[in-house]
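Visitor: model this:
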Amino acid sequence: MTGAHTHGAEELCAAGAKLYEQALREGHVSSADAEDAPCLVDFGLLHPAVTDLNTLEPVPPAVALHRMLRTAEERIAKERRREQQLADMFEPLMRIDGRHSGGSDIPTVCVLSGLDLIGRAIGQAMADSSGEVLTIQPHTGHTHAPAPLHAEAFARDQALLDRGGRIRTLYQHTLRHAPSILARYERLRGDVEARTLDEVTQRLIVVDRTVAFIPANKDRTLALEIRQPAIVDFLVTAFVRLWRLATPMHPQAVKQPTLNGITPRQRAIATLLVEGHTDAVIADRLGMNVRTARVHIAKLATTLGSESRAQLGYLIGRSGILDQEA
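Guide: Reported below is the predicted structural model:
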C-alpha cells in the first residue's frame, strides 16, 4: 500500500480512477491490484465476488452514484456542492462499456466487507422502510457489545417503530432473561414482538420482505446483501415457520410447561443426546457453555434415574418425552 487515502469520493485519486475503469472494462480485478487504491473498497466501488473473496468486482457506476447521493441527501443543506461533484465525476464513467459490470440494477446478491459498511447498508435499508423487519439473533457468546453499537441499533429500531413499522425478533432461549435484552424491550415503544427457541439459525435481517442480510463468514465481518426475490421469500418462509414454533417473550412472556418433571430445556438436550452429540456440540447448538449443558444433563439423568450415559439414552427413549408436544 502506497499510503493512507484521506480524500473523499468526489476527489477519487488517480490510482483509484484508473483501477475502477479497468474493473468496469474487464469485470473484475484482484485484491492485490487494489492494494494501492483502498479507497475503492471504502467507497463501495469494488466489492468481493460471491464466488471468490480474493477477486473484487465493480459496482455499476449508476448504482454507486445512487448510493452516495442517498448518503449525501442526509446532509443536503451542506452537501449540495458535493452532489454536483459526484455527478460530474461519474458522468464520463457511465459512458464506459459496462457489459462486464452486471447491468444497471442493484445486484441481487452483494458481498459487504467490514462492520462499518455492513452497518451502513442495514441502516439505509431500515431508514427507507416504514414496514416490517424480521430478525433472528442467535447467541454468539459476545454478551457485551460496545455501548455505541447498542445505542445506534436502538435508535434505528425506534425510528422505524415511530414511522409505524413493526419488528419481529427470534432469540435463543438462553437469551430469554439476558438483562441487556430485557432492558431494550422495556424502552422500545411501538409494534415490537420477540419470541425464543432452543435453536435458531445464524443471524438474519429481512427488511420489508425485499432485502435480506446474512453473515458470509464466521466472525461476521463479511455479509451478503440479498435482493433476489426467490431467496428473500425462502428466508421469510423459514422465519415464519420458526416464529410459529417459538415461545412468546415480549410483550407478554409465556412460561414453557414442564412435562412429567422434564423442563423444555432438558427435553431439547434429550433430543440432541439421543442423536449422539457430545456435550460441546449440545452446548453450541443451544447457545450455552459446556458447564451449563452438563448441569442440565445431570438433572435430566437424576429425573429419569439414570446412572450412566448409555443408560440415559435408553431411558430417554423409553420415557416417551420426545414424543410429547410442548
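Visitor: all strands for the stretch 1-150 of the chain, in order.
Guide: 29-30, 46-48, 55-58, 109-113, 132-137 (DSSP state E, counting those that start in this stretch).
Visitor: which one of the ones you listed lies closest to Cys39?
Guide: Nearest to Cys39 among those is strand 46-48 (9.6 Å), distances taken as Cβ to Cβ. Quick note: C-beta positions are derived from backbone N, CA and C, even for glycine.
Visitor: partner strands of that closest one and their direction?
Guide: strand 55-58 (antiparallel) (DSSP bridges).
Visitor: what's the spacing between Thr169 and Asp162?
Guide: 17 Å (Cβ to Cβ, to the nearest Å).
Visitor: higher neighbour count, these two?
Guide: Thr169 (22 against 11; other Cβ atoms under 10 Å).
Visitor: isn't there a strand covering the more buried one?
Guide: Yes: judged by DSSP: H, G, I helix; E, B strand; the rest coil, Thr169 forms part of a strand.
Visitor: for it, give me its contacts.
Guide: Leu134, Thr135, Ile136, Gln137, Val192, Glu193, Ala194, Arg195 (Cβ atoms under 8 Å, 6 or more residues apart in numbering).
Visitor: so where's the stretch 201-326 of the chain shaky on pLDDT?
Guide: For the stretch 201-326 of the chain, applying pLDDT under 70 flags the ranges 254-261, 323-326.
Visitor: what ranges do the helices span in it?
Guide: For the stretch 201-326 of the chain, the helices defined by DSSP state H, counting those that start in this stretch occupy 229-245, 264-274, 279-286, 290-304, 309-319.
Visitor: any idea which of the ones you listed is most buried?
Guide: helix 264-274 (a mean of 20; mean count of other Cβ atoms under 10 Å).
Visitor: that one vs helix 279-286, what angle?
Guide: Helix 264-274 runs at 130 degrees relative to helix 279-286, counting by axes from the mean of the first three to the mean of the last three Cα atoms, to 10 degrees.
Visitor: so which elements touch helix 264-274?
Guide: helix 279-286, helix 290-304, helix 309-319 (3 or more Cβ pairs under 8 Å, 6 or more residues apart in numbering; DSSP states H and E).
Visitor: need those in a markdown table with distance to Asn217, can you?
Guide: Output for those, formatted as a markdown table (distance: least, Cβ to Cβ, whole Å):
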| stretch | distance to Asn217 |
| --- | --- |
| helix 279-286 | 17 |
| helix 290-304 | 24 |
| helix 309-319 | 35 |
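Visitor: for Glu91, find the nearest of these.
Guide: helix 279-286 (52.3 Å).
Visitor: which of the contacts of Thr169 count as buried?
Guide: Leu134, Thr135, Ile136, Gln137, Val192, Ala194, Arg195 (16 or more other Cβ atoms under 10 Å).
Visitor: which element is the fifth one on?
Guide: So the one you mean is Val192. strand 191-197 (DSSP states H and E).
Visitor: and the residue nearest to Met288 when sequence neighbours are not counted, its phi and psi?
Guide: Among residues not flanking Met288 along the chain, Thr174 sits closest, at 5.2 Å (Cβ to Cβ, 6 or more residues apart in numbering). Taking degrees, to the nearest 10, you get phi -70, psi -20 for the backbone angles of Thr174.
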